[in-house]
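Asks: I need the structure of the sequence given here:
(one chain, ligands or ions: 1)
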Amino acid sequence: MQKILVARSIFPDVIERLKQYFDVDWNQGDVLPADELKRRLADKDGALTAGEPIDASVLAAAPRLRVVSNMAVGYNNFDMAAFNAANVLGTNTPDVLNESTADFGWALMMAAARRITESEHWLRAGKWQKWSYDSFLGSDLYGSTLGVIGMGRIGQALARRARGFNMQVIYHNRSRVAPQIEAELNAAYVSKQDLLRRADHVVLVLPYTQENHHTIGAAELALMKPTATLTNIARGGIVDDAALADALRSRQIAAAGLDVFEGEPNLHPALLSVPNIVLTPHIASATEATRRAMANLAADNLIAALGEGPRAGQPPNPINPDVIGKARS
Ligand code: 8YV
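Replies: Numbers count the residues shown, from 1 in each chain. Modelled structure (predicted):
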């Protein structure tokens, strides 16, 4: 039997599925430190990860490893140049999380715009004595302008929901999406600068790459309206968190909603001390149904990539399909 490492705690019934095909080493404890990860991968043919960094040194420590299946759509934890050099396949879990993640983007954006967590903290602190006309004034979503940076599958799902809010949708992306998608979403392509100047609510849904590092920094925040909100459901590092904390404190922008952070699970301390922010611990895809679908898809990828099951040799979501069938190097 081939050997695999499941690096994280996942649904036990998905582990049972994997055990039908593999000898499974399952880490149910804390996130494995790099040394321990390397040690446990030394004799493995495959691995299921959820964000663990896999670079050339990890692959070198795992000479039998042929596939790493990430239980996430984002795979910035994989050094794909190293995967290609070693002929190791990477897989991810796209699509199954689009709708849950888009829903959550709206939840964060609305909570930020309408100051929901800020007012709840105030209420819980026993400060509510009377109704007042100017208590927690926020900004409207209905009829406003939504700015989506990153118009991939999740960005499109998010933009589709804007119809019900009668919003104008503007977007920026590496490349324009097909005209029929623009028409369906009633979305106009604009430059990043234009988007930041015009949008009432900016949502980030782009993958993390070196080029996207600090896509939103001090200069970009300075372009935004003082009434605008910024929501990040993409990846930590796309926003300069220190610059954002400054912009929120000085009310350069009105509010922010963040599900992802630079250096998470550690947060920039300044973010914790500004009131006009909604903070959640990377849970945009966290519904029971979606996390189950992600875990099963990650298992499907691993099973097929290691030549087992009904799709043997044809994993559904290869990131670098060119290495399929090539000997490990
Ligand atoms: C994951 C995510 O839960 O899919 C992604 O890219 O960010 C989340 O859905 C998280 O990355 C853990 O793997």
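Asks: Mind giving me the packing neighbours of the helix ranked longest in the chain?
Replies: For the chain, the helix with the greatest residue count under DSSP state H is helix 288-305. The elements that helix 288-305 packs onto, with contact taken as 3 or more C-beta pairs under 8 Å, 6 or more residues apart in numbering; DSSP states H and E, are helix 12-19, strand 46-49, strand 67-70, strand 89-91, helix 98-113. Using the backbone N, CA and C atoms, a C-beta is placed for each residue, glycine as well.
Asks: Grab the nearest non-local neighbour of the closest residue to the ligand within the stretch 101-250 of the chain.
Replies: Per C-beta to the nearest ligand atom, residue 101 is where the stretch 101-250 of the chain lies closest to the ligand, at 6.6 Å. The shortest distance from residue 101 to any non-neighbouring residue, by C-beta to C-beta, 6 or more residues apart in numbering, is to residue 284 (4.5 Å).
Asks: what about the one you found, how many residues close to it?
Replies: Residue 284 has 23 neighbours, counted by other C-beta atoms under 10 Å.
Asks: that older thread, dump the helices and strands packed on helix 288-305 into CSV; add mean neighbour count and mean pLDDT as well.
Replies: Shown next, in CSV, are the helices and strands packed on helix 288-305 (neighbours: other C-beta atoms under 10 Å; pLDDT from 0 to 100):
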stretch, mean neighbour count, mean pLDDT
helix 12-19, 15, 98
strand 46-49, 27, 98
strand 67-70, 28, 98
strand 89-91, 27, 98
helix 98-113, 22, 98
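Asks: how about the residues of the stretch 151-300 of the chain that lie near the ligand?
Replies: Remark: the part of the stretch 151-300 of the chain in contact with the ligand comprises residue 285, using C-beta under 6 Å from any ligand atom.
Asks: ranges for the strands of the stretch 151-300 of the chain?
Replies: Here the stretch 151-300 of the chain has its strands, by DSSP state E, counting those that start in this stretch, at 168-172, 187-189, 201-204, 229-232, 255-258, 277-279.
Asks: any idea which of the ones you listed is most buried?
Replies: Compared across the strands of the stretch 151-300 of the chain, strand 229-232 shows the largest average neighbour count, a mean of 29 (mean count of other C-beta atoms under 10 Å).
Asks: quick revisit: give the contact list for the residue of the stretch 101-250 of the chain closest to the ligand.
Replies: 154, 157, 233, 284, 285, 290 (C-beta atoms under 8 Å, 6 or more residues apart in numbering).
Asks: Would you map the helices across this structure?
Replies: Under DSSP H, the chain gives helices at 12-19, 34-41, 56-60, 80-86, 98-113, 116-124, 153-160, 179-185, 192-198, 218-223, 241-249, 269-273, 288-305.
Asks: closest one to residue 68 among the ones you listed?
Replies: Nearest to residue 68 among those is helix 80-86 (7.5 Å), distances taken as C-beta to C-beta.
Asks: quick revisit: columns distance to residue 261 on top of the helices of the chain, output as CSV?
Replies: What follows is the helices of the chain, written out as CSV (distance: least, C-beta to C-beta, whole Å):
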stretch, distance to residue 261
helix 12-19, 27
helix 34-41, 20
helix 56-60, 23
helix 80-86, 23
helix 98-113, 13
helix 116-124, 16
helix 153-160, 18
helix 179-185, 29
helix 192-198, 21
helix 218-223, 16
helix 241-249, 6
helix 269-273, 7
helix 288-305, 20
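Asks: and of those helices, who's closest to residue 257?
Replies: That would be helix 98-113 among the helices of the chain, by C-beta to C-beta, at 3.2 Å.
Asks: what's the offset of that closest one from the middle of its chain?
Replies: Remark: helix 98-113 is offset 12 Å from the chain centroid, using C-alpha atoms, centre = their mean, to the nearest Å.
Asks: and residue 26, what are its bridge partners?
Replies: Listed by DSSP bridges, the beta-bridge partners for residue 26 are residue 6.
Asks: Can you tell me how far it is from the ligand?
Replies: According to C-beta to the nearest ligand atom, to the nearest Å, residue 26 stands 16 Å off from the ligand.
Asks: That residue and residue 280, how far apart?
Replies: 27 Å (C-beta to C-beta, to the nearest Å).
Asks: just residue 162 next, same as before
Replies: From residue 162 across to residue 280, the span is 21 Å (C-beta to C-beta).
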